[in-house]
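Enquirer: okay, sequence plus prediction incoming.
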Amino acid sequence: MKKHDTGFPYRHVAGYLLSLILTLLALVVALKTDFSGTTKMYIAGALAFFQAGLQLTMFMHVSEGAEGKINIINMAYSIFLAAVIVIGSIWVLTSGHAVG
């Protein structure tokens, strides 16, 4: 995005407005549609995922600077590890292999 000389935080305002739109969209889907509860949860989860990405790029400036690629790689690795831990824990706890 092009930087302006006035110093006004256009990028932050745009990020804030997009975050509000995504939140209101999730609220409308949850309260005003006839979707099943599962479908509403999937839609809300997807919107939350997009909003988290938006906030990381607009407010936290994750992809900017010399360390931008390193930050993205570190976050992807952290998400992978969290998924392995959660899925592995669920698998172990529900697989029915009792000790003893």
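Expert: Looks like it came in fine.

Enquirer: quick check: the gap between A14 and A48.
Expert: 19 Å (Cβ to Cβ, to the nearest Å). Heads up, the C-betas are built off the backbone N, CA and C, glycines and all.

Enquirer: I misspoke; the intended subject was R11.
Expert: In terms of Cβ to Cβ, R11 sits 21 Å off from A48.

Enquirer: out of these two, which sits in the more crowded spot?
Expert: Neighbours per residue (other Cβ atoms under 10 Å) separate R11 from A48, with R11 holding more: 16 against 13.

Enquirer: my read: that one touches M58, true?
Expert: Yes. Using Cβ atoms under 8 Å, R11 makes contact with M58 at a distance of 6.0 Å.

Enquirer: so what are the domain limits for the chain?
Expert: 1-61, 65-100 (automatic domain parsing).

Enquirer: per-residue pLDDT, S63?
Expert: Per-residue confidence at S63 stands at 71 (pLDDT).

Enquirer: that one in helix, strand or coil?
Expert: Here S63 takes the coil state, with states given by DSSP: H, G, I helix; E, B strand; the rest coil.

Enquirer: swap in L18?
Expert: helix.

Enquirer: pull the longest helix from the protein.
Expert: Longest helix of the chain, by residue count under DSSP state H: helix 68-94.

Enquirer: centre of the chain to that helix, how far?
Expert: With Cα atoms, centre = their mean, to the nearest Å as the basis, helix 68-94 stands 14 Å off its chain's centre.
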